[in-house]
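**Q** Take a look and give me a structure for this.
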Amino acid sequence: MKRFLLPVLITSLVIMACGSDDSAEEASPLSVVPERAMISIVLNDPAGMVRNIDGYIEDGAPLLGEKLLESLICEQLDVTSLDSMPGRYGFAPSGQIAFWMESAMPNSMGMAVSAPDFQLFVSLMEEMGVELTVEEPLDGVAVYSMDSENGTMYFAGTQGVALMAMSSAKLEAFISGLASEGTFEVDPASLTMNFNLSMIGPMAAAQMPMARMMMMQGMAADTTMPSYVPAIMDVYMDGIEEFLTQADMLEVTLITEPENFVVLKRVTFLADSHFAEILAPASGEDMIQYITQGDVATVRFQMPSEIAYEITKAFTEVFTSDVSDENLHFWATMASNGAVSVYNDEFMHMVAAYELSGDVTLEEIAEMYSAYFEVFTSSMEQTQAIADLFQIQDNGIVQIDGVDFYSMSMDIQSDTTFSMTFDYWLTIHDGALLLETSPNPDNLLAIVTGDYVPAELDGTGNMAGEMSLAGYFKLIMAVSPNGFDIPEVGSDVVCYWDGGYSEGEIHGEMTMDGSDAVATGFALFGLIAAMQ
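**A** The predicted model follows:
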């Protein structure tokens with residue numbers, strides 16, 4: 001794929017200058033983009049994207065000045081503004097640029113661009129020294145060609161659209177296929193990328209055995225590596241291979257709104273695949289109501305029960321096969337529906353709530369956790385260097401202020417340079433299993449007594465949450481051996497997401513306040529520079 005980039009860039013310069021040679025009704029570049037190309041990339045209103053990003057910069061990092069990105073682009077293109085590009089290059093910066101490959105073959109490339117002036121293209125390319133060959137017109141439209149590393153490129157402009165193809169026959173099909181409506185819709189000021197995984201996936205999966213063998217050989221050469229690590233990686237590789245062979249389409253869209261930067265993702269699976277069968281809207285009680293709002297993050301997670309079971313079973317069997325199916329279903333039920341909040345007052349201070357299935361006592365919870373950590377500890381002991389890092393203490397069931405908790409502690413220590421202690425507190429309340437990682441279960445006590453404000457999320461989907469990027473980096477820096485502090489930024493929450501499952505597909509949306517994201521990035525840049 002990399003070797004296609006240069007001709008695509010060259011063609012972009014060429015095609016951006018193409019335009020209409022007649023006064024016919026303007027067409028949409030998207031009308032000739034194949035619906036199921038191997039790869040398609042559409043840039044919609046690049047000028048709008050540039051100006052929205054400049055708005056983020058001006059609000060989030062005003063020291064960088066106004067119209068920073070637009071000025072850089074205009075300087076490189078030798079124009080006074082984006083609005084002057086049609087008169088200079090014949091390209092409409094508020095239009096669309098579409099590039100695609102129908103297959104892995106170079107001759108399957110195509111391109112379509114919004115552009116008003118084809119003759120301007122011809123004169124500019126000749127001034128730049130590009131050798132253009134006049135070809136026979138197609139349907140009365142002037143055609144030019146240019147030699148490239150991957151073959152001859154043919155291009156023409158009609159109905160306000162510039163077209164490129166790797167054969168005159170394909171170009172003719174594009175010309176005749178132009179229409180006022182596109183084959184699919186795109187969001188304003190956006191970049192949309194479609195990947196036909198039903199084509200790409202099997203090709204990538206065919207390389208997996210070799211990748212797996214090389215990875216395993218590398219791990220086998222490391223005599224200090226615990227035996228469970230290759231087993232865990234094997235589970236991951238199995239999951240990747242299953243995904244690659246069952247996925248149908250992946251669509252990723254980046255949208256620059258005036259205030260927010262939005263990322264949309266949608267993955268669909270082949271109709272007869274296992275994933276398509278088990279993917280369905282997840283259900284269950286919203287566990288957000290059992291936790292308080294996190295300073296760093298607040299997250300809801302719900303997944304189809306069958307997926308949760310398969311994941312739980314696969315990773316549990318890495319350590320032991322001596323686990324009953326009843327216990328596996330118990331852990332899978334918890335993993336399939338829960339909520340988590342993270343706080344910045346201590347490293348990894350977390351409160352979580354998990355849905356319980358049926359009547360389960362705290363004593364039974366304690367037994368299952370104790371058995372799990374016994375398996376975990378025995379796995380650690382296979383490698384003495386790893387075993388020396390971890391010390392797990394089971395404190396059993398203790399009572400604090402009249403509330404029963406199952407308590408355990410984990411110490412992680414490496415000589416005298418690194419040391420952490422995690423205290424885990426679990427209790428059952430209103431049919432939910434509550435967890436807090438903190439020296440004291442103060443949040444859980446408040447939740448059990450009802451003296452708390454439940455967390456809230458704007459996202460209503462199965463997988464929803466919000467995160468303060470500044471809070472997250474502050475949390476990471478808190479454990480830095482050099483004690484660096486991230487500079488203050490102006491927003492508490494700069495990122496939130498929402499998504500879920502429907503029949504045979506996964507979808508999600510992530511939104512960041514553009515100005516706050518720039519402010520956070522600018523602060524981190526200054527921090528990194530100070531560390532040099």
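**Q** residues in contact with the helix or strand where Val342 lies?
**A** Following DSSP states H and E, one finds Val342 within strand 337-343. Contacts with strand 337-343, where a contact means C-beta atoms under 8 Å, 6 or more residues apart in numbering, come from 282, 284-288, 290-303, 348-355, 455, 475. Glycine gets a C-beta too; all of them are placed from N, C-alpha and C.
**Q** Show me which of those are buried.
**A** Among those, those classed as buried by 16 or more other C-beta atoms under 10 Å are 282, 286-288, 290-303, 349-355, 455, 475.
**Q** which ones among those are found in strands?
**A** In this view, the buried ones among the contacts of strand 337-343 that belong to strands under DSSP state E are 297-302, 349-355.
**Q** Please list all residues in contact with the residue of the chain most remote from its centre.
**A** Distance from the C-alpha centroid of the chain, by C-alpha atoms, centre = their mean, peaks at Glu136 (46.1 Å). Residues counted as contacts of Glu136 (C-beta under 8 Å, 6+ apart) are Val143, Ser168.
**Q** doesn't it fall inside a helix?
**A** No: under DSSP: H, G, I helix; E, B strand; the rest coil, Glu136 falls outside any helix and is assigned strand.
**Q** so how far is Ala280 from it?
**A** 55 Å (C-beta to C-beta, to the nearest Å).
**Q** Then Asp54?
**A** Taken as C-beta to C-beta, the span from Asp54 to Ala280 is 43 Å.
**Q** Of the two, which one has the most company?
**A** Neighbours were counted for Asp54 and for Ala280 using other C-beta atoms under 10 Å; Asp54 has more, 19 against 15.
**Q** export the helix or strand harbouring that one as CSV, just CAs?
**A** Asp54 is part of helix 46-60 when elements are defined by DSSP H and E. Output in CSV follows, covering the C-alpha atoms of helix 46-60 (Å, rounded to 0.1, in the frame of the first residue of the first chain):
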residue,chain,number,x,y,z
PRO,A,46,-11.5,20.4,3.5
ALA,A,47,-11.6,24.2,3.9
GLY,A,48,-14.3,23.8,6.6
MET,A,49,-12.1,21.2,8.4
VAL,A,50,-9.1,23.5,8.3
ARG,A,51,-11.1,26.5,9.6
ASN,A,52,-12.7,24.4,12.4
ILE,A,53,-9.3,23.1,13.5
ASP,A,54,-7.9,26.7,13.4
GLY,A,55,-10.8,27.6,15.7
TYR,A,56,-9.8,24.9,18.2
ILE,A,57,-6.2,26.3,18.1
GLU,A,58,-7.3,29.9,18.6
ASP,A,59,-9.4,29.0,21.6
GLY,A,60,-7.2,26.3,23.1
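**Q** Need the mean per-residue confidence for it.
**A** The average pLDDT within helix 46-60 is 94.
**Q** what's in contact with it?
**A** In this structure, residues lying in contact with helix 46-60 by C-beta under 8 Å, 6+ apart are 43, 64-70, 73, 82-83, 93-94, 97, 188-191, 256-259, 261, 514-520, 522.
**Q** ok, Ala308 touching His329?
**A** No: under the criterion of C-beta atoms under 8 Å, Ala308 is not in contact with His329, lying 9.4 Å apart.
**Q** Neighbour count for the two, which is higher?
**A** Between Ala308 and His329, counting by other C-beta under 10 Å, Ala308 is the more crowded of the two (21 against 16).
**Q** Contact partners for the more buried one?
**A** Ala308 is in contact with Ala332, Thr333, Ala335, Ser336, counting by C-beta under 8 Å, 6+ apart.
**Q** Which strand or helix spans the first one?
**A** Put plainly, it is Ala332. helix 325-336.
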